[in-house]
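[1] Let's see this in three dimensions:
(chains A and B)
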There are 2 protein chains.
Amino acid sequence: MRDLEKMFKPDSVGVIGASNTPDKVGHIVVSNLIEDGYKGEIYPINPKGGEILGLKTYTDVTQCPTVPDLVVVVVPSKAVNPSVKQCGELGVKNVVVITAGFKEIGGEGVKLEEELVRLANEYDISLIGPNSLGITDSHTPLNGSFSQMMPPKGNIAFLSQSGAMMVAIIDWSITAGIGFSKVISIGNKAGVTELECIQYLADDPETAVVICYLESISQDHNFIETMRKVSSKKPVIILKSGSSQAGAAAASSHTGALAGSDVAFDTAFKQSGIFRVQTMAELFDIGLAFSKCPLPTGRNLAIITNAGGGGVVSVDAMERNGLNLVSFDEETTAKLKAAVPEEGSVKNPIDVLGDAPVSRYKETLEIVLSSDDVDSLVIMVCPTASADPDGIANAILEGNEEFNKPIIVVNMGGSSFDNANELLRKNSIPTYVFPETAVKVVDFLERFNAVQERTYDNPIQEINDVNKDKVNEIFNKVKADGRDTLLGSEAYAVAKEYGIEAAPIILSKTPEEAANVAEEMGFPVVLKIASDKILHKSDIGGVQVGISTRDEAENSFNEIMANANKAHPDITPDGIEVQKMMDSGIEVLVGMIRDEQFGPMIAFGMGGVYVNLIEDASFKLASGLTSDEIDEQINNTKVVELLKGFRGEAPGDMDSVRNAIKRVARLTLDFPEISELDINPIFVYENGSSALDIKIKL
Amino acid sequence: MRDLEKMFKPDSVGVIGASNTPDKVGHIVVSNLIEDGYKGEIYPINPKGGEILGLKTYTDVTQCPTVPDLVVVVVPSKAVNPSVKQCGELGVKNVVVITAGFKEIGGEGVKLEEELVRLANEYDISLIGPNSLGITDSHTPLNGSFSQMMPPKGNIAFLSQSGAMMVAIIDWSITAGIGFSKVISIGNKAGVTELECIQYLADDPETAVVICYLESISQDHNFIETMRKVSSKKPVIILKSGSSQAGAAAASSHTGALAGSDVAFDTAFKQSGIFRVQTMAELFDIGLAFSKCPLPTGRNLAIITNAGGGGVVSVDAMERNGLNLVSFDEETTAKLKAAVPEEGSVKNPIDVLGDAPVSRYKETLEIVLSSDDVDSLVIMVCPTASADPDGIANAILEGNEEFNKPIIVVNMGGSSFDNANELLRKNSIPTYVFPETAVKVVDFLERFNAVQERTYDNPIQEINDVNKDKVNEIFNKVKADGRDTLLGSEAYAVAKEYGIEAAPIILSKTPEEAANVAEEMGFPVVLKIASDKILHKSDIGGVQVGISTRDEAENSFNEIMANANKAHPDITPDGIEVQKMMDSGIEVLVGMIRDEQFGPMIAFGMGGVYVNLIEDASFKLASGLTSDEIDEQINNTKVVELLKGFRGEAPGDMDSVRNAIKRVARLTLDFPEISELDINPIFVYENGSSALDIKIKL
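    Numbers count the residues shown, from 1 in each chain, chains lettered A, B, ... in the order given. Reported below is the predicted structural model:
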């Protein structure tokens, strides 16, 4: 893991490309360092020497009195690499390149960036950028950025892949009163990646929550494992824009069509314990809550409001977010009755009425917070004639001192609440304008408990009865034949070697062999022409079902061959495949689509002919898949109701389903050459299961 | 329709309960009238007489120099009805009752409110309230409310069922710079309903859009028809909180279980052309857009941004909202290339870069707006060092003068944009902080086109081949038997009289009759014990399928009777039902659940055993159902893919499906005594269809 301590807490900062011209970036960076209170040494560096903003200026980085802990580079793109090389030779370990004109412009820029990466690696430099707006740390304090505004001090770390959006957010946060520990514009991510930053921030005592705006995720084969470690320490919230193309590219398979274009990111984030949000507003609303509140111990939420309507709207939002509208016990109810006038409501949501003075709010919130049934509290204030926003804010702060429960305030209005909002936010109470936001953040706060409570086993790697060599042999044969799709009999053989329960399919070359095979596996059987080149096998008379005797099998073999030859005289079939006919069961699908970034992604859902119509599928990445996640995957479908025994029908064998998922995960992790896999349907019985149709593409 | 003109534009206003005590409501109302610039006559009314705030005070309403056009009542609840009676006798036509303590407190309050309603009706008074916060009209100007803030002038009409929330919104709107034409606190809706207000506002020239916070919808049998007229004139946006219980109550039927608790409102609003939103923020964001923008002529959206990230986030939001990221033609692209530096992007979203001066924004937006391919434009500004928010705002306003297209501005930041936001909003350009909001409002703007373009036919009432009398006879017999559920044969008879294609079911009383019936309808048939008291007919041997001859039919009759007698010796079956066995087809469901408020709601979706697992259903209210809506209902399901012919399978007869929906709608409109109806499955063939199982409950 990268140590970025001196990046954010340097004793000295060099600015290569410092300038005396006020509008230039090289001037603004030096000025920001000074103006925003950086206490260490500042070394402006410019070949002309002299003074910049009253500071002695050095002609190059080697002339600085000490080796700077951090160097910010703002020279034109062509001059960046020589400067970084000089830094490297001098022993500088932290460099931020603000200069743009690298990979993002293509062509020459790509080459420049490759050289920059090489230099950073050669000299072991932690490099942020290029095309970064810089970094800030409000605790150091350090404004090592081109942004003319310093974000307010706080405990939210914000990473942005867009520089301009970072500026926008700093501007907005000043007005909104949201404070940041560090703000990092990660630019092109040529050196330090966002994942490395997040790992560093996970251990940063000044950071309570990490929020990110990202357009791409850096390649990391241990993404899930790495991020699980982070999310066990701190909440990470990501707005990931743009879409993965993995699903779209492979839409030829059932699984691919089910996956859509953005499922891999959703799945990866979920399995990592990262919260993914859809909008900028959510990113900051939720970040604010985590930065202020303790975690609730459960999903019981109480509401205090001076407007009945606000209570109703909150209850709707609770229903959407799956929070419990806690019912108060007798004792609490009795106390509330003494505190709230009769025309109000002592049932949750508590209506303290529009004329509620501060004392009524205070009394009510203390009663509610002292109830063990209440895990968190939303307090809503409408600016009625009697409402005293500042007084209520102070009452809330007193209550907050006493009880360690999340309190979220909805100050529903405009500037009448400016003071109260500032007071509350400064003292660890998040405030919002609308009740729906408050309810939503409580949901996120509580969900972080589950993230932290997760345990990680590794059932996929514990499987030890697979025969990798045999499967390798099969794949090699397929490749040698110049095919990319396995025959049914080959796919069955692969499944067998990996312990996936399946209906036997054996390839036969002669009528007699077909009869022998059929006899051995047991009648009745299906005979099917074997060829990856004949697509619509039924249409040309290439399939015969319900074969019950040796004679039928032999005749059927000859008829199918004749039909195939007639329809496709140019194709030589591989033979005839004999498959045992199975009793029908609950039809499920297990499939795999390989994501470029995250590897095999396993689908599970309702199987059968209408699978792409019903669209009942849930996804998990194979890498790091846990037993809990497999159960979650199964439970997150409609077909699970059939497996549980729908309306008195026989249930399905869940262990057999789990087994199929695990073994498909293992198979596709073991063999990166498998590009797609579809098993549809698997018949699930009360005991065991049987895969009917297995498609494997290399 | 109620004429509320003098309610909002009175020549004189009386305040019954006016007071000299500054904190009293009766003082605040008089003070608000004066302070907020009301130009007509103000008559404070108080038995003590004297002067209030310098105005002559009258001892009762009859003493006023003229009959007031509007009277605001703030006396204690017990004194309200006598005051209103006096108003009525005097000929006052508009009364707002601010006083609370009526229906909302139950008991005595309910009686008081009943008397109040009676008085309003007797004297033909338009009564708003009681338990209202009052009304405001910023154009009159009239602050006839208890709110100490007057909403800014504008063209949004806001109706609120929660008084405190109305105050909150006025407070917030002042800060947010959102202007209102009228703000109405509708209170208990004892007299004037929200629907009457909305109808009045539809013709109000000062109102461009109506937004409502509602907790209930007033009973109106012509709700859809009434609201369709309104939405043909003006956009209506409703945040309806709380849930209907219709679905939950009737969850015993398939249709009921599919409906959930809030579908009726969704359906009613949709069929009325009303936009329903989920959050307070949406209500105002979308209201603001309608109050400022012309409607776009299509769904092609262009984006101009000085931050690449903002563009990416917008594109994600466009995908979610189904808007088109328009591609520019060669001419436009050429012009853009001349205006935007090479490092930027001339493809949509257009990236004018972080250093974009006002001139680049201006040139770009004019090029984009002049392209015929562009229907609306979102302009995003991040506060980079080079960004000049006020300059850009002025450039946008110039562009807006020239082109009649919606322009939405995202000023992404805080107080740096205060001036620009004010300038833009004052001049018909809505502004938002985040790009996702801007994209969402464009979606709503465009969707209003479809609302206005809708045509309304009445295919349900055009059906003229139904036999109401025969159905009445059947229902009367069922009622006479003391049953609430029809036998299969009775339900079939009802279906037949209403032209619903169904597999014949005839009740037989003797073995011979069964054989005759079977012969007449054609073998094979199913025989089934007929009794509403025997629930699990198959389990007791009460069903026999595949009966192919007269002999089999007679034997089967006797066996079933014997089985039933053995299992339920206490029950006398109604006989044996003979049903023709039908070829299977595409399985669909048509059902009806009756909503208390909106009448019969028709469900259509995938049918079969797993209907409640698959949950593929869409709903329409029968009342006013149009041909377009029926098609929309069918198209809004997954099973429509089967009806279109899924993957080479035979398609289903769409006309036959439409017919089933229409005739179920007609049947359930004609017979309010039908409480639930489920037809599942209907087999749909290439030609025609056949209802297999029809359940009708009275």
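
[2] Please tell me how far the closest residue to chain B within the stretch 201-350 of chain A sits from residue B:570.
    As assessed by Cβ to the nearest Cβ, chain B sits closest to residue A:309 within the stretch 201-350 of chain A, at 2.5 Å. C-betas here are computed from N, CA, C, even on glycine. To residue B:570, residue A:309 is 55 Å away according to Cβ to Cβ, to the nearest Å.

[3] mind giving me the domain split of chain A?
    A:5-242, A:294-453, A:468-580, A:586-697 (automatic domain parsing).

[4] So which residues of the stretch 201-350 of chain A form helices?
    A:223-231, A:246-249, A:254-259, A:263-272, A:280-292, A:308-321, A:330-339 (DSSP state H, counting those that start in this stretch).

[5] for the ones you listed, which one sits closest to residue A:427?
    helix A:280-292 (8.8 Å; Cβ to Cβ).

[6] ok, now which ones touch residue A:287?
    Taking Cβ atoms under 8 Å, 6 or more residues apart in numbering or on different chains, we find residue A:287 in contact with A:156, A:158, A:178, A:209, A:211, A:237.

[7] Are we agreed that residue A:500 is in a helix?
    No. With DSSP: H, G, I helix; E, B strand; the rest coil as the criterion, residue A:500 is located in coil rather than a helix.

[8] Just give the number of residues close to it.
    By the criterion of other Cβ atoms under 10 Å in any protein chain shown, residue A:500 has 26 neighbours.

[9] likewise residue A:50?
    Residue A:50 has 11 neighbours, counted by other Cβ under 10 Å.

[10] and it, what does it touch?
    Per Cβ under 8 Å, 6+ apart, neighbours of residue A:50: A:20, A:57.

[11] could you redo the last one with a cut-off of 7 Å?
    residue A:57 (Cβ atoms under 7 Å, 6 or more residues apart in numbering or on different chains).

[12] how near is it to residue B:132?
    For residue A:50, the distance to residue B:132 - Cβ to Cβ - is 73 Å.

[13] before we move on, what about residue A:528?
    For residue A:528, the distance to residue B:132 (Cβ to Cβ) stands at 76 Å.

[14] repeat for residue A:126
    64 Å.

[15] now the residue sitting nearest the centre point of chain A, nearest residue through space, not along the chain?
    Central residue of chain A (Cα atoms, centre = their mean): residue A:269, 1.6 Å from the mean position. Nearest residue to residue A:269, sequence neighbours excluded (Cβ to Cβ, 6 or more residues apart in numbering or on different chains): residue A:276, at 4.5 Å.

[16] for residue A:683, same thing?
    Using Cβ to Cβ, 6+ apart and skipping the chain neighbours, the partner closest in space to residue A:683 is residue A:585 (3.3 Å).

[17] State the phi and psi torsions of that neighbour.
    Main-chain torsions, residue A:585, degrees, to the nearest 10: phi -140, psi -160.

[18] count of residues packed around it?
    21.

[19] for residue A:489, same thing?
    Neighbour count for residue A:489, taken as other Cβ under 10 Å: 23.

[20] which stretch of helix or strand covers it?
    Assigned by DSSP states H and E, residue A:489 falls within helix A:488-497.

[21] could you point out which element follows that helix?
    As assigned by DSSP H and E, the chain's next helix or strand after helix A:488-497 is strand A:505-508.

[22] Can you list the strands that that next one pairs with?
    Strand A:505-508 has the following strand partners under DSSP bridges: strand A:575-580 (antiparallel).

[23] between the strand it pairs with and helix A:488-497, what angle do the directions make?
    Put simply, strand A:575-580 runs at 50 degrees to helix A:488-497, going by axes from the mean of the first three to the mean of the last three Cα atoms, to 10 degrees.

[24] Please tell me how far the residue nearest to residue A:683 sits from residue A:543.
    In this view, residue A:585 and residue A:543 are 21 Å apart by Cβ to Cβ.

[25] How about residue A:26?
    75 Å.

[26] before we move on, what about residue A:442?
    With Cβ to Cβ as the criterion, residue A:442 and residue A:543 are 57 Å apart.

[27] and residue A:672, how many neighbours?
    The number of residues packed near residue A:672 is 10, by other Cβ under 10 Å.

[28] okay, residue A:26 and residue A:543: which has more neighbours?
    Comparing residue A:26 with residue A:543 by other Cβ under 10 Å, the one with more neighbours is residue A:26, at 24 against 18.

[29] count of neighbours near residue A:426?
    13.

[30] which SS state does residue A:529 fall under?
    At residue A:529 the chain is in strand, as set by three-state DSSP.

[31] Which residue is the nearest non-sequential neighbour of it?
    Excluding the flanking residues, the one nearest residue A:529 by Cβ to Cβ, 6+ apart is residue A:542, at 3.6 Å.

[32] so what's that neighbour up against?
    Counted by Cβ under 7 Å, 6+ apart, residue A:542 has contacts A:528-529, A:534, A:560, A:563-564.
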